[in-house]
Structure formats: C-alpha cells, structure tokens
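> Below: sequence and its predicted model.
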Amino acid sequence: MSWLGSLIGSATGTAASTVIGSIGDAAVKMREAITGDIPPEKKAELQMRLAELEAQITSAQSSIIIAEAQGQSWMQRNWRPCLMMVIVAIVANNYIIFPYANIFTDKVKILDLPDKLWALMEIGVGGYILGRTVEKVKGQE
C-alpha cells in the first residue's frame, strides 16, 4: 500500500492507490503520446491499424467515385471531368498561353491557382485513375 493509502486509512487506501495508479498510467501514456516514445509492440499495432484505416478510406473513396460514374444525371457523372478541364485550362493559360502572349502585349492576365485547387486537381486525377482502373478490372471479369 502506498504512503497516501496508509495516510487515508485501510478502508479507502485501496481505492486511493487504484486512483493514483490510474493517474500514473495516464501520465505514462501521455508521455508516450507527446514524446513519441512508444514501445515497439504498440508501434507495430498502431501501424497495422493505420494501414487498415487507410485501406478502408481508399475503398470508400473508390465506391463514391464508382457511384458518381454510374449516376443517373449528366451533372452527377461529369462534374469531376468538367472541374478538371477548368483547372487544366487555368494551368495551360498560366504556363503556356500567358508566357507567349506576354511577349506581344501586356493585357494578358495570369489566373490565380490556389494551393487548395491544385490539391483538388491531384485528388481528381487520382480518382480518375482509380475509377478507370476499377472499370477495366470489372470489364475483365
């Protein structure tokens, strides 16, 4: 029994030592989380769980893309390709049209392409590639 448990009394000492032990366990877990000092067996378990979650996310994303591609309305099936074409037009303007047109006139404008829009294009291209892969695999069955 801890010194605090003996101080409180024998009836409540066990409960107090349990609480103090729990606080100690929480402190150890907090230290592990902050410092990244995780035992190898826990690290391997966390990495396995992370891999499982990433696989579930990829599966969910592919099912969303497949559902959109098989949708009933034109807009549902084609909003991603339309968005990608707009982004491609902005990239073509900024890196092909603008540099050449700027030689002859200063009235040509460069269009802003925010980082989030660039990231969206990367996701869209990845989704397109994944969707086409799924379509081809389904066609071979």
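Nice, I can see it.

> biggest helix in this protein by residues?
For the chain, the longest helix by residue count, based on DSSP state H, is helix 40-69.

> Show me what counts as buried in that one.
Buried residues in helix 40-69, counting neighbours by 16 or more other C-beta atoms under 10 Å, are found at Ile65, Ala69. Any C-beta I mention is one placed from the backbone N, CA and C, and that applies to glycine too.

> ditto for stretch 109-121
Neighbour-count burial for stretch 109-121 [16+ other C-beta under 10 Å]: Met121.

> What's the mean pLDDT across it?
The pLDDT scores in stretch 109-121 average 81.

> helices and strands of this protein: which one bottoms out on pLDDT?
The helix or strand of the chain with the lowest confidence, counting by mean pLDDT, DSSP states H and E, is helix 3-8 at a mean of 48.

> Point out where this structure drops to low pLDDT.
In the predicted model of the chain, residues 1-21, 36, 140-141 satisfy pLDDT under 70.

> Good, we can wrap up now.
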